[in-house]
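[1] From the sequence below, what's the structure:
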Amino acid sequence: MRLGLLRDRDFGRLSAATALGQLGDRVIFLALPLVAIAALRADEFHVGLMTAMTSAGSLLVGLPAGAWVDRMRKRSVMITTDLARALLLLTVPVASAAGILTIWWLYAIALVHGVLTVFFDVAYVSCLPHVVGRGHLVQGNAKLSAIRSVTSISGPTAAGPLISLVGAPATLLVSSAGMAMSGLLAITMRTREQKPESSERPQLVREIKEGLKFTLQHPSLRAILAGDAIFSLSLAMYQTMLLVFLDREIGLQPSGIGLVFSGMGCGALLGSLLATKLAKRVGQGPVIWMAPLITCPLTALMPLARADWSVCAGAIGLAALSLGGVVRVVAQSSLQQALTPDRLLGRMSATARFFSWGGIPLGGLLGGISGSAIGAAGTLWIGAAGMTLSALPTFLSPLRRPPRP
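    Below is the predicted model of the structure:
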C-alpha cells in the first residue's frame, strides 16, 4: 500500500497512536471476558451482563459527549482519556494479585472504561478532518483501518499465548501500556485546531437537539444509523456467546481462541486494502449495504463448527464478517464526515455512536439470556440472522444507488 498520507508527520503520529491504542483494545477484547470466564468462572448471564456494562457508556453519556467534545480541542480529549484508561486497567492485575478481584470489580472497570472510550472515539472521529482535510477522508479512514486491522491480527495472536502463560489479569498490563503510549504519542502532534468558540452560557440540551436534528433529518445519515443499530445489537448477541462457545463447547485453549480472532484481523486488513477501491468502483452508498448483505451470512458457519477442522470454516466466516465490516465502516465514516459541517462533527459522531453502540448493552443482555435458555450455538444463529438483516435500512434509502454525476 502506498504511503500517501503516512508521509505527513501528524497523520503518521496519529497512525502510530492508533496502532498502540488498538493493540491495547484488542488485548482487552480477549482478556477481559476470559478473566470472567476462566478466572472467575462466570456463567453465560454474567458474561452477557459484562458485555452490557462495557458498552453502557454509550447510553449514559453518548449524546452529551458530542456536545461536550464540540466545545473542546479533540486532541486534548484523546490524550486525557487514553491516560485515564491506562491507569484504570492497571487495577485489574493489581486486584487479582491481591486476591480481591470479583465479577463486580470487572463490571465497574468495564463501565468506566466504556464511558472514557465514548469520549475518546467521539474526539477521534472528529479529529481526522482537521488532520488530513476533507479531501482525503476516504484515504485517511482506509489507512487507519489498515493499521487497526494489523493490530487486530497481532493483538489476539500475542494475547492468546500470553494469557496461557501468565493469566488473563496480568495480560491486561499490555493493554494499559498500549493506551499510555498512545496518549503520549498524541501529545507530540503539532496540529492545533482552533478552540471552538463557546457562548457564555452553553445550552447543552439545545446543542444535543441540534446534533440529533441534523443527523436524523438527513435521509442517508438516518439510514446509516438504523442499519448500525440493528447490526450492533445482533453483533453484541453474537460476540457475547462466541467466547463461551469457543471455550466451553469447542474446547479451544486461549492460544487457539487468539488465532480465531487473528483470522478476523486478517479479514479486516484485507477489507481496509480494498475499501477505497470498492468505494470508488461501486460507490460509497451501495458499498454500505452490499458489504453486510454479502459477508454476514457466513457467520452462520461458526455455530455449525465442532472440535475438528470445521472450526477453520467458522473462522473463515468471522474473517469475512471483519472484511465486510471494515469496507462498510470506511465508506460510511467518510460519508458521514463529508456530509457534516465542522461545528457539528462531534455531535454527529456522538449521535451515530449513541444509536450504534446504544443497542450493545441490550444485545449483551439478550445474548446472555438467550445463551442461558437455548445455548451459545443457538444465540450465534440469531446474531448471524440479525447482522444480515442490518443491510435493509440502507438498501431502502437513497444509498441504494450511487449519486448521479
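[2] by contact count, what packs against the helix or strand K277 falls within?
    In this assignment (DSSP states H and E), K277 forms part of helix 254-282. Identification of packing neighbours for helix 254-282 by 3 or more CB pairs under 8 Å, 6 or more residues apart in numbering; DSSP states H and E yields helix 9-34, helix 137-166, helix 284-295, helix 310-339. C-betas here are computed from N, CA, C, even on glycine.
[3] residues of the third one that come out buried?
    Judged by neighbour count using 16 or more other CB atoms under 10 Å, the buried positions of helix 284-295 are 284-293, 295.
[4] Touching that helix from outside, list them.
    Helix 284-295 has contacts (CB atoms under 8 Å, 6 or more residues apart in numbering) with 138, 220, 224, 227, 231, 278-279, 282, 320-321, 323-325, 327-328, 331-332, 334-335, 387-388, 390-392, 394-395, 398-403.
[5] ok, back up a step: dump the helices and strands packed on helix 254-282 to TSV, plus distance to F261 and mean pLDDT.
    TSV is the format used below for these (distance: least, CB to CB, whole Å; pLDDT from 0 to 100):
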stretch	distance to F261	mean pLDDT
helix 9-34	6	76
helix 137-166	4	69
helix 284-295	17	93
helix 310-339	8	89
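[6] Identify whichever of these lies nearest to L59.
    Between L59 and those, the shortest separation by CB to CB is 19.4 Å, and it involves helix 9-34.
[7] Just the C-alphas of the following helix or strand past the closest one, formatted as CSV.
    For helix 9-34, the following helix or strand on the C-terminal side (DSSP H and E) is helix 44-55. Listed next in CSV are the C-alpha coordinates belonging to helix 44-55 (Å, rounded to 0.1, in the frame of the first residue of the first chain):
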residue,chain,number,x,y,z
GLU,A,44,-23.5,-17.1,30.5
PHE,A,45,-25.7,-14.5,32.0
HIS,A,46,-22.9,-12.8,33.9
VAL,A,47,-20.7,-12.8,30.7
GLY,A,48,-23.6,-11.1,28.9
LEU,A,49,-24.0,-8.6,31.7
MET,A,50,-20.3,-7.7,31.5
THR,A,51,-20.7,-7.1,27.7
ALA,A,52,-23.7,-4.8,28.6
MET,A,53,-21.6,-2.9,31.1
THR,A,54,-18.8,-2.4,28.6
SER,A,55,-21.0,-0.5,26.2
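[8] tilt between helix 44-55 and helix 9-34?
    Angle between the axes of helix 44-55 and helix 9-34 is 160 degrees (criterion: axes from the mean of the first three to the mean of the last three CA atoms, to 10 degrees).
[9] What helices and strands are in contact with helix 44-55?
    Packing contacts for helix 44-55, counted by 3+ CB pairs under 8 Å, 6+ apart, involve helix 9-34, helix 103-132, helix 219-244, helix 359-374.
[10] Count the residues that sit near D342.
    Here the number of neighbours of D342 (other CB atoms under 10 Å) works out to 15.
[11] Need the three-state assignment for M348.
    The assignment at M348 comes out as helix when based on DSSP: H, G, I helix; E, B strand; the rest coil.
[12] show me the contacts for it.
    Residues counted as contacts of M348 (CB under 8 Å, 6+ apart) are 66, 211, 214-215, 221, 336, 340.
[13] could these be laid out in JSON lines, adding neighbour count and distance to G368?
    Formatted as JSON lines, these follow (neighbours: other CB atoms under 10 Å; distance: CB to CB, whole Å):
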{"residue": "G66", "neighbour count": "31", "distance to G368": "29"}
{"residue": "G211", "neighbour count": "25", "distance to G368": "32"}
{"residue": "F214", "neighbour count": "17", "distance to G368": "35"}
{"residue": "T215", "neighbour count": "25", "distance to G368": "31"}
{"residue": "L221", "neighbour count": "21", "distance to G368": "32"}
{"residue": "Q336", "neighbour count": "22", "distance to G368": "31"}
{"residue": "T340", "neighbour count": "24", "distance to G368": "36"}
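[14] Could you check how far G367 is from I208?
    Computed with CB to CB, to the nearest Å, the distance linking G367 and I208 is 29 Å.
[15] quick one, which of these two is more surrounded?
    With other CB under 10 Å as the criterion, G367 and I208 differ in neighbour count, and G367 comes out ahead with 34 against 21.
[16] so the more buried one makes contact with L233?
    No - G367 is beyond contact range of L233, at 9.5 Å (criterion: CB atoms under 8 Å).
[17] Could you pull up the mean pLDDT of stretch 173-183?
    Confidence for stretch 173-183, expressed as mean pLDDT, is 84.
[18] Figure out how far that stretch is from the centre of its chain.
    In terms of CA atoms, centre = their mean, to the nearest Å, the centre of stretch 173-183 is set 17 Å apart from its chain centre.
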